[in-house]
Structures are given as C-alpha cells and as structure tokens.
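> sequence first, then the predicted structure:
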Amino acid sequence: MSWIGFTLLAAFMQAVRTAGQKQLSLHLTAMSTTLSRYLFGLPVALLYTAALWYWQPNASPQWSGSFLFWAGLASVAQIGATWCLVTAFQFNNFAVGTTLAKTEALQTALIGWWLFGLPLAMLGWFALVVGFLGVLVMGNPKTLFSNKHAWRSPALVYGLAAGALFAVASLSLRTAALSLKVDTLLAAALTLSSMVMLQTVICAVWVSATETKPWQRLWQYRRLALFIGITSALGSIGWFTAMALHNPALVKTLGQVEFLMTLAITRWVFHERIHRYQGWGMVLVVASVSLLLQ
C-alpha cells in the first residue's frame, strides 16, 4: 500500500477516534482521555510490530542516541500539542484555537523545509494553501472573524503552539524512523511502539499525581476507552508509515479528508446539521487533495 493508502486509513481512524473521544471526554479529564488513547492502543502497536518483525527475522535496526532523541522529542511534542489544543478551548474561543491548530500542515511544510531540508514543489505549496482555506471555511469564517477580541486572547497563542508542536512531532518521528535503517514498515512500527510506551508512562504518571481515582474512572469506561485505543493505534500506524514514506507536509494535507469523514459522522451518527459553508469548505479540501494526487 502506498503513502496515500496509509494516509486515508489514518484519516478515517482519526475521525472515528475523535467521535469516541468526544463521548469519553464527557466523563473523564482531558489527560485521562489522552491516556486511554495510549494505554489501550499500546497492545495493538506491539502486536503489529511483532508481526512485522516475525516476517523479517533478519532485520537489524540501528538503535542509537539519535533515534532516542527524535522519538522522545516526537512523544513529548505530541502530548504538548494535545494539551495546548485542549487549553485553547478553555478560553471560550473554540473557532480561533481550532483554526490555528489546523495550521499544522503549513507549519510542517515550513519547519520541514527550514530545519529538516525537506523541499516542496510549488504545486505542493498551492495544495497546502487551498486545503487550509477549506478548513477555514468549514470553521465558519463569519463567526471566526466577527469577534476581534478573540484574536487577542491566549487561545491564539495556544492554537499556534498546538499546530507547531504537532508539526515537530510529525517531522521528528519521520527522522527517528529513518535513522533505524530498516524496511520502512518495520521502522515506522518500531518508532510507533517506542513512542506509545513512553507516552503511556508520561500520561500515567501525570494522572496518578494530579487526579483523584483516575484508574477507577478509566476502568469504569473501559469499553469506550478500548475502542479509542484500538482506532488510535490503527490511525497511528497509518500516519507513521505514511510520514516515513513521504513528506509529512503532504501527508498532513491529504489527511485533511478527515474533515469530510468527520462531517459524515456528524450527520449520520450524531444527527447534526451540515451548513452550507461546510459544503464549500469540503469542495476546497477535495480540490486540495486533487492537486496533491497530481
């Protein structure tokens, strides 16, 4: 399967996982919900990695300090990005925080070109801009720009920080995977398992130290948490493999089809109305994807 197939798999699983997280977040804190993603997804990641290694018994990953650094950076950046995004929502400027977090693809392209030496053709940059405009339109620009005070709130800073940290995580995990110098599928799987183990430990220590009876509450909603963990792991397999195979900026741009899937879930599962401006946003996202596939 090509990077396109893995990206579409990731986008679909992320849309489904988000729907699950929306339900779980009604009962658990943001960090406990994040923990469920890693804790219940870890067995899936380990089994997937073991299966790939079984079929490549002679593979010899080149473990190094470089791998540990980049995988560790990606792990912490991903957790930090999630925290920044959740924090941005707490300032009652959901549209601003969400929109600026979705600059992730553009920031990935800029940081990748500037610090990681990943070039991008002019058509790629154009597809990035069209895709971001689509996301902006789906976020209802009338509401977004009607409140000028919203753009002076901390939500702006946290939203941009979330996008930047997600970009750093994407580029770092690609660098970590490539440093192993084995088959791309196995390299992505090893990076995924290493990161999820570290993220599980970090989140577990955090909730244990800051929350009251987090494990009892997590066990109470274990079925929903398990669903989130499995879909998260499958989505991560798609993201990690696609970004190991191709430029993360273009992977993230194609991954914006997740919004189309999310709107479908919104309409058919949660029975919420889809507005006209969301339809125009969908057209722009589809145009962006069509440009990428050229």
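Ah, there it is. Numbering: from 1, shown residues only.
> which is the next helix or strand following the lowest-mean-pLDDT helix or strand in the chain?
Among the helices and strands of the chain, helix 141-146 carries the lowest confidence by mean pLDDT, DSSP states H and E, at a mean of 56. Going down the chain from helix 141-146, the next helix or strand is helix 154-179, by DSSP states H and E.
> for that following helix, name the packing helices and strands.
In terms of contact count using 3 or more CB pairs under 8 Å, 6 or more residues apart in numbering; DSSP states H and E, helix 154-179 is assigned the packing partners helix 65-89, helix 94-101, helix 104-115, helix 184-210, helix 222-245, helix 248-254. For the C-beta atoms, the positions are set from N, CA and C on the backbone; glycine is no exception.
> what about the closest residue to Met13 other than its chain neighbours, how many residues close to it?
Across the structure, with CB to CB, 6 or more residues apart in numbering as the measure, the residue nearest Met13 apart from its sequence neighbours is Gly235 (3.3 Å). For Gly235, the tally of surrounding residues (other CB atoms under 10 Å) stands at 24.
> and Gly235, how far from Tyr158?
According to CB to CB, to the nearest Å, Gly235 stands 23 Å off from Tyr158.
> so how far is Leu160 from the residue nearest to Met13?
The span separating Gly235 from Leu160 equals 24 Å under the rule CB to CB.
> can you check Ile202 too?
Taking CB to CB as the measure, Ile202 and Leu160 are separated by 23 Å.
> again with Val257
Using CB to CB, Val257 is found at 24 Å from Leu160.
> equivalent analysis for Ser208, please.
Using CB to CB, Ser208 is found at 31 Å from Leu160.
> show me which of those two is the more surrounded one.
Between Ser208 and Leu160, counting by other CB under 10 Å, Leu160 is the more crowded of the two (18 against 11).
> what pLDDT does that one get?
What the model reports as pLDDT for Leu160 is 80.
> then Lys102?
pLDDT recorded at Lys102 is 69.
> likewise for Ser75?
pLDDT, Ser75: 95.
> and it, what does it touch?
By CB atoms under 8 Å, 6 or more residues apart in numbering, the contact set of Ser75 is Ala169, Met195, Leu198, Gln199, Ile202.
> who's in contact with the closest residue to Leu173 other than its chain neighbours?
Counting by CB to CB, 6+ apart, the nearest residue to Leu173 once its immediate chain neighbours are dropped is Ala74, at 4.1 Å. Under the criterion of CB under 8 Å, 6+ apart, the contact partners of Ala74 comprise Val168, Ala169, Ser170, Ser172, Leu173, Ala176, Thr191, Met195.
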